[in-house]
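Trainee: A structural model of the following input is requested.
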Amino acid sequence: MAAAKKKDIKTLKQLAQHIKKSLKHAILNIEVQRDEELTLWVERSKIYDVLAFLKNDTQCAFKQLIDICGADYPEHHERFEVIYHLLSMKHNRRIRVKLETDERTPIDTVSTLFSAAGWFEREVWDMYGIFFEGHLDLRRILSDYGFEGHPLRKDFPLTGFVEMRYDEDEKRIVQEPVELMQGFRRFDYTSPWEEMTNVQLPGDEKATKPEFMGGAE
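Mentor: Model prediction:
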């Protein structure tokens, strides 16, 4: 098993060197994490070229796009990360591709390269407001039409901007601005529930240990 593990690590590092040599002007950094996860940091403007190479190169053959997701780090100079997850069925291998962008700079769509990217990019746009240049149908996919803001941004309020309810008088769903007193915006994350045992877990500080359980003291 140890010999097989070393062989896999060696193969992964050889692949990383092959990619770096072939895409030297597009790759910012390469990481091999936990000896089994290969991550590429790429130049934002080169994302289409990088993914096209990873798909079509015979040593890579990452022909399946598994997911595109986003991450928000408001403290960073460019607050957003866009992460692409690819799978090679031929080589039984996965790879992660990352880039950074801000609120105004668009990213080239890869929906013409991977058809699955069409929906994934719509989700990233919906949740984070990251724009994909060249996408033919970039509109919301998870939130409702007319939704305000992008709910996975760190600065999006937990209460949202509007609330939906069924109006008995109008016999339809209506949307109204959220009216929440400031006092209700202070959230208490400790659990109000009592545990069924005498073991008090983190988050259960408000609960009282049941006296009927043996070994309570």
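
Trainee: domains of the chain?
Mentor: 2-139, 187-217 (automatic domain parsing).

Trainee: for A117, give me phi and psi.
Mentor: The phi/psi pair for A117 (degrees, to the nearest 10) reads phi -70, psi -20.

Trainee: show me what contacts it?
Mentor: Going by CB atoms under 8 Å, 6 or more residues apart in numbering, A117 touches 65, 68, 109-111. The C-beta positions use only the backbone N, C-alpha and C, and glycine is treated the same way.

Trainee: for it, give its distance to Y84.
Mentor: Counting by CB to CB, to the nearest Å, the gap from A117 to Y84 is 8 Å.

Trainee: identify the contacts common to those two.
Mentor: Joint contacts of A117 and Y84 (CB under 8 Å, 6+ apart) are 65, 68, 110.

Trainee: isn't there a strand covering D67?
Mentor: Yes - if the criterion is DSSP: H, G, I helix; E, B strand; the rest coil, then D67 is within a strand.

Trainee: quick one: contacts for it?
Mentor: 83-85, 120.

Trainee: swap in V174?
Mentor: Taking CB under 8 Å, 6+ apart as the test, what V174 contacts is 164-167.

Trainee: how about a cut-off of 6 Å?
Mentor: Contacts for V174 were tallied using CB atoms under 6 Å, 6 or more residues apart in numbering; they are D167.

Trainee: what's the ChimeraX syntax to select whichever of the contacts of D67 are buried?
Mentor: In ChimeraX, this line selects whichever of the contacts of D67 come out buried by 16 or more other CB atoms under 10 Å:
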select :84,85,120
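
Trainee: re the thing from before, out of the domains of the chain, flag the one nearest L152.
Mentor: With CB to CB as the criterion, L152 lies closest to domain 2-139 of those, at 4.0 Å.

Trainee: what about that closest one, average pLDDT?
Mentor: What domain 2-139 shows for mean pLDDT is 94.

Trainee: figure out how far that domain is from the centre of its chain.
Mentor: 12 Å (CA atoms, centre = their mean, to the nearest Å).

Trainee: and for stretch 143-158?
Mentor: For stretch 143-158, the separation from the chain centroid amounts to 15 Å (computed by CA atoms, centre = their mean).

Trainee: what segments of this protein are strands?
Mentor: Using DSSP state E, the strands of the chain run over 27-33, 37-42, 64-72, 80-88, 93-101, 107-108, 132-133, 162-167, 172-177.

Trainee: can you convert the ones you listed into TSV and add a column each for distance to R140?
Mentor: TSV is the format used below for the strands of the chain (distance: least, CB to CB, whole Å):
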stretch	distance to R140
strand 27-33	31
strand 37-42	27
strand 64-72	14
strand 80-88	18
strand 93-101	19
strand 107-108	18
strand 132-133	13
strand 162-167	14
strand 172-177	14
